[in-house]
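> okay, sequence plus prediction incoming.
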Amino acid sequence: MTREVEHEITIGAPAAEVYRLIAEVENWPRIFPPTVHVDRVGNGPAGGPADDADGVTEERIRIWATANGEAKSWTSRRTLDPRARTVTFRQEVSAPPVASMGGTWIIEPLDAASCRVRLLHDYRAVGDDPEKLEWIDRAVDRNSRSELAALKRNVELATGAAELSLSFQDSVEINGSAKDAYDFVNEAGLWKERLPHVAEVSLTEDSPGLQVLRMDTIAKDGSTHTTESVRVCFPHHRIVYKQTTLPALMALHTGYWLFEEGPSGVTTATSQHTVVLNTANIAKVLGEDAGVLEARDFVRSALSTNSRATLGYAKEYAEARR
C-alpha cells in the first residue's frame, strides 16, 4: 500500500533563491535539522552528466540523516528542473522499515519576494506492515515539518546570519600514518580513558560507519555539558558529524575530522567546525554585558581547545605506532 502525503509552507524570499538552496545539497546539513551529510555519487543514469536542452539535470546523492531519533542512510536519484522550480527524488536503496520512497519539492512564486514550497512524499513500508507504515508516517511528518520550518527560517534570516555563523579549523602534523590517527578519532568509545576533557562517553554503531556519539565534556571552568552527535565515517580519511544535542550557545554545530597522509609519511590531521550561535542564551551563559562578539570568541576558544587536545593525543597515538 502506497501512502501519499503533502506538506507546505510560505516563505518570505524569492522562489529562485529558495529553489537554489534546495537544489544545492552541500548546505543541507546547515539548512535541514535531520540531515547529517550528503554526497553526490554521480550524475545521470551512467554516472555522467545528464543535462537536457531545458536545463533539466539528473543526479544521484547519498544522504545520512536522523529519523525518529535513529541514524539512517540511503541513496536517491534526483531530477532538477530550474525552469519549473521542481526537484523530484526517488530513493534507490531505502533503509528499513522503508520499502520505497519518493516525492517532489515544488516552489511556487507568490510575488517577487515570497513563494509557497510544497513537499510531496509517496512511500511504502517493508512487507506493507501497518506498524512500520505508522513509524514512517511519524518520521516523514516530523522531518517534513522541521525541514520546511528550517528552510523558512534559514532563508528569511540569511541577511542577518553572517555575524552569527563562524567556521574555523585546527591542524597538526603527525609523523605517523593517517590510518592510526583516524583510528584514534574513530574509536571515540575509548575517549573517556584517552582524553582528560571527556567525563563520560557512549558510542553506538548499528550500521558500519554510521555512529551515534554521546559524551559529557569538561569545560575549562570545570563545568560539564552533554552533547550528542551523528558521525559518518569514511575510513581512513574523513569523519563528518553533526551535533543533535547542542551546548546552550549553539543553534547548529557541524564539522569534520580530516586525515591526509603525504608521500613522506607525514600526516596532516585537521578538525573543522561550523557553528551558528544561539543568541537567546548568550546572556544566561556569559552574562548580561556579553554580546555576539563575546559569544563567538567563547565558542571558538572552547571548541578549538578540545579539538587541539584531541589532535595532540591522536598525534601521540599514531607516532607511537609508527
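It's in.
> use CA for all of it now, contacts and neighbours both
Noted.
> and this structure, what are its domains?
Domain assignment for the chain, taken from automatic domain parsing, gives 3-160, 163-320.
> looking at these, which one has the lowest mean pLDDT?
Among these, domain 3-160 carries the lowest mean pLDDT, a mean of 88.
> where's that domain relative to the chain centroid, distance-wise?
14 Å (C-alpha atoms, centre = their mean, to the nearest Å).
> one more: stretch 192-209?
Distance, centroid of stretch 192-209 to centroid of chain: 19 Å (C-alpha atoms, centre = their mean).
> for that stretch, list every residue counted as buried.
For stretch 192-209, a neighbour-count test (16 or more other C-alpha atoms under 10 Å) marks 192, 195, 197-201, 203 as buried.
> helix or strand for the most centrally placed residue in the chain, just tell me which one.
In the chain, the residue lying closest to the centroid (C-alpha atoms, centre = their mean) is residue 36, at 2.5 Å. For residue 36, the host element (DSSP states H and E) is strand 35-42.
> can you name the next helix or strand after that strand?
strand 57-67.
> and the helix or strand just after that following strand, what does it pack onto?
Downstream of strand 57-67, the first helix or strand assigned by DSSP H and E is strand 70-81. Helices and strands touching strand 70-81, by 3 or more C-alpha pairs under 8 Å, 6 or more residues apart in numbering; DSSP states H and E, are strand 57-67, strand 86-93, strand 210-218.
> and those strands as a markdown table, adding mean neighbour count and distance to residue 244?
Shown next, in a markdown table, are the helices and strands packed on strand 70-81 (neighbours: other C-alpha atoms under 10 Å; distance: least, C-alpha to C-alpha, whole Å):
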| stretch | mean neighbour count | distance to residue 244 |
| --- | --- | --- |
| strand 57-67 | 20 | 9 |
| strand 86-93 | 20 | 24 |
| strand 210-218 | 20 | 10 |
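> reformat these as a markdown table; add distance to residue 7.
Shown next, in a markdown table, are the helices and strands packed on strand 70-81 (distance: least, C-alpha to C-alpha, whole Å):
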| stretch | distance to residue 7 |
| --- | --- |
| strand 57-67 | 17 |
| strand 86-93 | 15 |
| strand 210-218 | 29 |
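> and of those, who's closest to residue 156?
Closest approach to residue 156 among the helices and strands packed on strand 70-81 (C-alpha to C-alpha): strand 86-93, 20.2 Å.
> report the angle between the axes of the closest one and strand 70-81?
140 degrees (axes from the mean of the first three to the mean of the last three C-alpha atoms, to 10 degrees).
> quick check: residue 135 is in a strand.
No: looking at residue 135 with DSSP: H, G, I helix; E, B strand; the rest coil, it is helix, so not inside a strand.
> surely residue 40 and residue 75 touch.
No: using C-alpha atoms under 8 Å as the test, residue 40 is too far from residue 75 to be in contact (9.5 Å).
> out of the two, which sits in the busier spot?
Applying other C-alpha atoms under 10 Å to residue 40 and residue 75 shows that residue 75 carries more neighbours, namely 20 against 15.
> quick one, phi/psi of the nearest residue to residue 309 once chain neighbours are set aside?
Counting by C-alpha to C-alpha, 6 or more residues apart in numbering, the nearest residue to residue 309 once its immediate chain neighbours are dropped is residue 195, at 7.9 Å. Dihedral pair for residue 195: phi -120, psi 120, per degrees, to the nearest 10.
> might one say that residue 195 is in contact with residue 313?
Yes: counting by C-alpha under 8 Å, residue 195 touches residue 313, with 7.4 Å between them.
> would you map the strands across the protein?
Per DSSP state E, the chain carries strands over the ranges 3-11, 35-42, 57-67, 70-81, 86-93, 98-111, 114-125, 165-174, 198-207, 210-218, 224-234, 238-245, 250-261, 267-277.
> could I get the ones you listed in CSV, plus columns for distance to residue 303?
Below are the strands of the chain laid out as CSV (distance: least, C-alpha to C-alpha, whole Å):
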stretch, distance to residue 303
strand 3-11, 34
strand 35-42, 19
strand 57-67, 23
strand 70-81, 24
strand 86-93, 36
strand 98-111, 36
strand 114-125, 36
strand 165-174, 10
strand 198-207, 13
strand 210-218, 11
strand 224-234, 12
strand 238-245, 13
strand 250-261, 10
strand 267-277, 8
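> so which of those strands gets nearest residue 18?
strand 98-111 (7.5 Å).
> could you dump that closest one to PDB, C-alpha only?
Provided in PDB are the C-alpha atoms of strand 98-111 (Å, rounded to 0.1, in the frame of the first residue of the first chain):
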ATOM      1  CA  VAL A  98      11.000   1.900   4.300                       C
ATOM      2  CA  ALA A  99      10.500  -0.300   1.200                       C
ATOM      3  CA  SER A 100      10.300   2.600  -1.300                       C
ATOM      4  CA  MET A 101      10.100   6.400  -1.100                       C
ATOM      5  CA  GLY A 102      10.000   9.300  -3.400                       C
ATOM      6  CA  GLY A 103       8.500  12.800  -3.800                       C
ATOM      7  CA  THR A 104       8.800  16.300  -5.200                       C
ATOM      8  CA  TRP A 105       9.800  19.700  -4.000                       C
ATOM      9  CA  ILE A 106       7.600  22.300  -5.700                       C
ATOM     10  CA  ILE A 107       8.400  26.000  -5.400                       C
ATOM     11  CA  GLU A 108       5.600  28.300  -6.500                       C
ATOM     12  CA  PRO A 109       6.200  32.100  -6.700                       C
ATOM     13  CA  LEU A 110       3.500  34.200  -4.900                       C
ATOM     14  CA  ASP A 111       5.100  37.500  -5.800                       C
END
